[in-house]
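**Student:** Just to be clear, the model below is a prediction. Sequence and coordinates:
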Amino acid sequence: MVGAAGGRRRRRGTETGTDRVGASVAAVRLGGMDAATPPAASGAPAARDDADCVPWGEVWGQDAAVAALREAASDPASMTHAWLITGPPGSGRSTLAHAFAAALIAEPGDERTMRQVLAGTHPDLTALRTEGVIISIKDARSLVERSYFAPSLGRYRVIVMEDADRMAERTSNVLLKALEEPPERTVWILCAPSDADLLPTIRSRVRTLRLREPDVADVAELIVRRSGVDPAVAEQSARHAQRHIGMAQRLATDAAARARRDSMLRAVLAVRGVGDAVEVAGAIVAAATEDAKALTAERDEAERASLLRTLGIAEGAAIPPAVRSQLSALEDEQKRRSTRSLRDGIDRVLTDLESMFRDVLMLQFGRDTGLINRELEPDLRALAGAWAAERTLTVVDRIAVTRENLELNAAPALALESMLITVASGRIP
């Protein structure tokens, strides 16, 4: 895989009516996010005349990026056939990508068509987001094939790839020809955390647009406006999520998620030996597994029921041999989605642990402002006094190694146990 994609949540729609590539192309919902999650945003809403306009109303705090894309959509001289939108998780990459797609496809002022694009039901939009670990070559080839179709109704045909950093090298090579010689009225929009997550050959063929990182106060204000939660809870959630909009939203609106995070951090702080490491690692994996099941179980059942209805099979009836392969394909996709959800959950735990030991380092170097986990400050101060900074750096490095090992399909429990033993000993085992 070209780049890591830690701590990011991706959900794929199953609606009909949008160009879809295999099982991995989504009918993108409003603002490029799923119905269960508010559209990603970046920063507090700025006072500008387009703040509530279609299609830019869901894009927050990215005035410079919006201005550049609005100019490109309205002026062919400033238009580029391929774009790369980069920014940290939660900065609003997909939201901006779909807003830009709406502005490109629709005629200026045609709000009906813009809303159709934002809803993911316009025939000239093809959007790919993956719930697997990587984007397959098959899906990439199908995207390229769609890119050569002329627009059917709109001004442009737009191809949005939200998870471009999840392409392996040989998958990236599939896109090169399409990016080198695109049809006149086709526009590619790739999204990734940074341009370093893509091959140099891809980067050289796109125009990069970098998004700003939101402030904690901006994220908290946005969550209060959208969810009506207590400002103190919103601020804490934005801080704990490290300004990731989607994760901050979940923490702010889910007391159980906040409690699980606090319990996990305190458990890691209490690790003193191998036995503790094994126990805590098992608890983390179990919690992430249950969380993944909760996120996918209802959807899996609904997808299975929908497929059976489409095939004309009554509930509880025997499955004819002729259609078993279709059910098997669906089950395989659901397993891949579950694996991805589990990995993302564990990766989020690693991100939280990084934030905690980052706080310890700050205290060790005499900095007590800007702590992410202020609620744990007494415990963190005690740890900062008991450990040398070198030991804390060793733990931080080991967390990064654990993330890399998980990307290489290491067993989650074993990888976490190894990391937590480092926490207990200060040495890489």
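**Tutor:** Ah, there it is.
**Student:** Mind naming the longest strand for the chain?
**Tutor:** Secondary structure of the chain per DSSP state E: the longest strand is strand 186-192.
**Student:** now it: mean pLDDT?
**Tutor:** Strand 186-192 shows a mean pLDDT of 94.
**Student:** Report the distance from it to the chain centre.
**Tutor:** 16 Å (Cα atoms, centre = their mean, to the nearest Å).
**Student:** and if you look at stretch 265-275?
**Tutor:** 29 Å.
**Student:** and what of stretch 288-305?
**Tutor:** 18 Å.
**Student:** Just the strands from the stretch 151-300 of the chain, written as ranges.
**Tutor:** Secondary structure of the stretch 151-300 of the chain by DSSP state E, counting those that start in this stretch: the strands cover 157-161, 186-192, 207-210.
**Student:** What average pLDDT does the shortest one get?
**Tutor:** Summarised as a single mean, pLDDT over strand 207-210 is 93.
**Student:** what residues does that strand touch?
**Tutor:** With contact meaning Cβ atoms under 8 Å, 6 or more residues apart in numbering, strand 207-210 is reached by 65, 68-69, 80, 82-87, 195. Where you see a C-beta, it was placed from the backbone N, CA and C, and this is true even at glycine.
**Student:** If you count neighbours, what's buried in the lowest-mean-pLDDT helix or strand in the chain?
**Tutor:** For the chain, using mean pLDDT, DSSP states H and E, the weakest element among its helices and strands is helix 274-310, scoring a mean of 84. By neighbour count on 16 or more other Cβ atoms under 10 Å, the buried set for helix 274-310 is 276-278, 280-281, 284-285, 287-289, 291-292, 295-296, 300, 303, 307-308.
**Student:** on contacts alone, who are the packing partners of that helix?
**Tutor:** Counting contacts by 3 or more Cβ pairs under 8 Å, 6 or more residues apart in numbering; DSSP states H and E, helix 274-310 packs against helix 255-269, helix 324-364, helix 412-425.
**Student:** The second one to helix 255-269, inter-axis angle?
**Tutor:** Looking back up the chat, that one is helix 324-364. Using axes from the mean of the first three to the mean of the last three Cα atoms, to 10 degrees, the direction of helix 324-364 lies 60 degrees away from that of helix 255-269.
**Student:** Helix 274-310 and helix 324-364, what's the angle between them?
**Tutor:** 150 degrees.
**Student:** I'd like to know which elements helix 324-364 is packed against.
**Tutor:** With contacts defined as 3+ Cβ pairs under 8 Å, 6+ apart, helix 324-364 has these neighbours: helix 255-269, helix 274-310, helix 377-386, helix 389-407, helix 412-425.
**Student:** hmm, 7 Å instead?
**Tutor:** Where contact means 3 or more Cβ pairs under 7 Å, 6 or more residues apart in numbering; DSSP states H and E, helix 324-364 is packed against helix 255-269, helix 274-310, helix 377-386, helix 389-407.
**Student:** low-scoring stretches of the stretch 1-150 of the chain, by residue?
**Tutor:** For the stretch 1-150 of the chain, the stretches flagged by pLDDT under 70 are 1-52, 131-133.
**Student:** Which parts of it are helices?
**Tutor:** With DSSP state H, counting those that start in this stretch as the criterion, the stretch 1-150 of the chain has helices at 63-74, 93-105, 111-118, 137-147.
**Student:** okay, those helices, which one's buried deepest?
**Tutor:** Each of the helices of the stretch 1-150 of the chain was scored by mean neighbour count; the highest is helix 93-105, a mean of 28, by mean count of other Cβ atoms under 10 Å.
**Student:** Which positions are bridged to residue 209 in the beta structure?
**Tutor:** Counting by DSSP bridges, residue 209 is bridged to residue 85.
**Student:** Against residue 67, how distant is it?
**Tutor:** 11 Å (Cβ to Cβ, to the nearest Å).
**Student:** What of residue 171?
**Tutor:** Going from residue 171 to residue 67 by Cβ to Cβ gives 33 Å.
**Student:** before we move on, what about residue 293?
**Tutor:** For residue 293, the distance to residue 67 - Cβ to Cβ - is 44 Å.
**Student:** nearest to residue 400, of the strands of the stretch 151-300 of the chain?
**Tutor:** Closest to residue 400 of these is strand 186-192 (Cβ to Cβ; 19.3 Å).
**Student:** Noted, bye for now.
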